[in-house]
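model the structure of this input:
(one chain, ligands or ions: 1)
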Amino acid sequence: MNRRSIRTALVGVGLCVWITVGVWLSLPARSQQPSHIATGTSGAVASVDVDATQIGIDILRAGGNAVDAAIATAAALGVTDPFSAGIGGGGFMMIYQPEGDTVITLDGREEAPAATIPDLFRDPDSTTGDSLPFFPNRISSGLAVGVPGTPLNWATALERYGTLSLSEVLQPAIALAEDGFTVDQTFADQITQNQGRFTAFTSTQPLYLPNGDVPEVGSLFRNPDIAKTYRLLAEKGVNAFYRGEIGQAIAQTVQAPPVIVDPPFKVWPGRLTAADLDRYEVRIRPPVESTYRGYRFYGMGLPSSGGITVAQTLNLLAGYNLSAMERAAALHWLIEAERLAFSDRNAYLGDLEYVDVPTPGLLSTDYATSRRADLLSQPPETADYRATPGNPLPYQQDPSPSLNTMPTVSNVEELEGRSTTHLTVIDDAGMAVSYTLTLESTGGSGIVVPGYGFILNNELTDFNTEVPHPNVPEPGKRPRSSMAPTMAVAPDGGFIAWGSPGGSTIITTVLGIAVNIIDFEMDLEAAIAAPRISQRNGGATLVDQGFEESDIGKALLAKDHLLLSATEIGAATGIFVKSDGVLTAVAEPNRRGGGSAMALK
Ligand code: GLU
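Numbering: from 1, shown residues only. Next up is the predicted model:
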């Protein structure tokens, strides 16, 4: 978005004079090169996209706080990064409030409709009870669409912790959608990757494949429909979404997906209704708290497995002096600790409002001590090796545990997408936001709500459909997530906020960055840029392409680790504030086309 359009946008909603004048006087030139690292002392934004980061910075510069800027940034991502995030999806927001030195989280996860059945993805045409194939049928169906949480997450965060209104923070994104933005390689690639699915829907094809073609890199892309929808939210509030015309359009779209004549695959309708939208609530939840080598960690709690699994892995690693080891030896223990933590994640974690999750036991450091005996000093990495979950129940005070038998080893392949987006913001007062939001797959369900310009999520594919399992679909339940917006306070008072997309590799990306900073003493830029490894109790360890040829990769191979190259493991952003107040905001230098970080001054 150009300077004029931000100014027009802000003036257009009649913002107070101080904001308008502030923006007018202090807007930087928009011609700066996108950059993935920025240093400063009084506020910063890091996201995957230069327009979105700029909008967040403009809001901070105009006097908005970190929550205002985070939501303006997220709304912009709904325009420029619409295949990973948007109002058709959900997410988890972590907020640090300096006044009380407190961290809270907002759970805006999608929710299963009331008519959900455990066998959600059974093929209605099958006489033998087969499930629908994951790709493309499950992920591109109405069945996969959960009640979106993102609009209410924004409204709730602003009302409780922001200083601007929803209308005010949406204006820059409205201008961006109307004026257009330049198509980059990532945007074009994500459409190309989804061409088959997008072609199947009469609402998606004209928007993202105009005349049947992928928009050219460098061309201007406009989305007037999302501008109209944001304007509706701005003028009428979130009720337009949960109890008004947008909600009705969503229910209709899910129940009768707008499919072309003779689609390339069968598209199944879903059971989401206007009443499901009306019932939806955002939950304010405490973070998962833990410590690692003197750092205080804050993680995202259930229904995300992110915070618990990060904390469990770090509890296991606390028994090893990683900084005294060769990097390959230290990475060996990281891999094995991740494997064990994921065995528990896969067995025990689900929506805590539906299942009795033994969280205190899983987080107990005594439990971690007992589990270290199960950490293998020799890698057992064969493609089908799975570690067995432990028994955390003796490590918690629970007079009536409902889990009285050991769960079985889950062999379920992680089929979730590696999409999503993470943004990190800090303001001049030290308020910080670490926010991960998603549609699940890149391109979500592929279904644009006709006339409203946003894609519906396919988050219900995050449920496990083999029963019994704590993460089985149920009415009103939220599917287990891996999203892991994280914050940590260093022993010297330094502060870090970070996160990543990437399905269940989110957890291992967040862990890798933590270990790089704390054990390997890297700065945030190096910690984010470093090669990634990811072990999710899934046999082989995923690694960045080319890692196997590096010295460390060769050393791990020599120790009999089984490494498997992946095209993209995460696309992290973060902000590090040193104890002297100097901050560094960082996005990816290369992954997902590189991100954008900016600081106020
Ligand atoms: N649906 C995933 C989750 O909630 C996120 C998808 C992704 O990151 O690609 O964990």
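
go ahead and confirm Gln545 touches Ile569.
No: at 9.5 Å, Gln545 does not count as touching Ile569 under the criterion of Cβ atoms under 8 Å. To be clear about C-beta, it is placed using only N, CA and C from the backbone, and glycine gets the same treatment.

those two: which has the busier surroundings?
Neighbour totals were compared for Gln545 and Ile569, and Ile569 leads with 27 against 12 (other Cβ atoms under 10 Å).

report the contact partners of that one.
By Cβ atoms under 8 Å, 6 or more residues apart in numbering, the contact set of Ile569 is Arg418, Gly502, Thr505, Thr508, Thr509, Arg532, Ser534, Leu542, Val543, Asp544, Arg591.

so for the closest residue to the fourth one other than its chain neighbours, what's the pLDDT?
To tie it back to what came earlier, the one meant is Thr508. Using Cβ to Cβ, 6 or more residues apart in numbering and skipping the chain neighbours, the partner closest in space to Thr508 is Ser534 (3.8 Å). Here the pLDDT value assigned to Ser534 is 97.

kindly report the same for Arg4.
pLDDT for Arg4: 32.

and the residue most central in space within the chain, what are its bridge partners?
Centre of the chain computed as the mean C-alpha position; nearest residue by Cα atoms, centre = their mean is Thr436, 3.4 Å away. Per DSSP bridges, the residues bridged to Thr436 are Phe92, His422.

you'd agree it is up against Ser482?
No: with contact defined as Cβ under 8 Å, Thr436 does not reach Ser482; the gap is 9.3 Å.

between those two, which contacts overlap?
Common neighbours of Thr436 and Ser482, using Cβ under 8 Å, 6+ apart, are Ile506.

now do Gly581 against Ala429, distance only.
12 Å (Cβ to Cβ, to the nearest Å).

Ser419: what secondary structure?
Assigned by DSSP: H, G, I helix; E, B strand; the rest coil, the conformation of Ser419 is coil.

leaving aside the residues adjacent along the chain, what's closest to it?
Excluding its sequence neighbours, the residue lying closest to Ser419 (Cβ to Cβ, 6+ apart) is Thr442, at 3.9 Å.

ok, the one you found touching Pro82?
No: if you go by Cβ under 8 Å, Thr442 and Pro82 don't touch, sitting 10.5 Å apart.

neighbour count for these two, which is higher?
Remark: of Thr442 and Pro82, Pro82 carries more neighbours, 27 against 20, as counted by other Cβ under 10 Å.

give me the distance between the residue nearest to that one when sequence neighbours are not counted and Ala555.
Excluding the flanking residues, the one nearest Pro82 by Cβ to Cβ, 6+ apart is Ile455, at 6.1 Å. Separation of Ile455 from Ala555 (Cβ to Cβ): 43 Å.

mind checking which of these two has more residues around it?
Taking neighbours as other Cβ under 10 Å, Ile455 and Ala555 compare with Ile455 leading, 31 against 16.

residues contacting that one?
By Cβ under 8 Å, 6+ apart, the contact set of Ile455 is 82-83, 86, 88, 204, 439, 443-449.

inside helices: which ones of the residues you listed?
The helices, defined by DSSP state H, take in Thr204 from those.

check the contacts of Ile455 against the ligand, which are close?
The subset of the contacts of Ile455 within reach of the ligand, by Cβ under 6 Å from any ligand atom, is empty.

could I get the contacts of Ile455 as CSV with pLDDT?
Converted to CSV, the contacts of Ile455 look like this (pLDDT from 0 to 100):
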residue, pLDDT
Pro82, 98
Phe83, 98
Gly86, 98
Gly88, 98
Thr204, 98
Leu439, 98
Gly443, 98
Gly444, 98
Ser445, 98
Gly446, 98
Ile447, 98
Val448, 98
Val449, 99
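
which single one of the contacts of Ile455 is nearest to Thr186?
Of all the contacts of Ile455, Thr186 sits closest to Phe83, with 9.1 Å by Cβ to Cβ.

ok, the closest one - contacts?
Phe187, Gln190, Ile191, Asn194, Ser419, Leu439, Thr442, Gly443, Gly444, Ile455.
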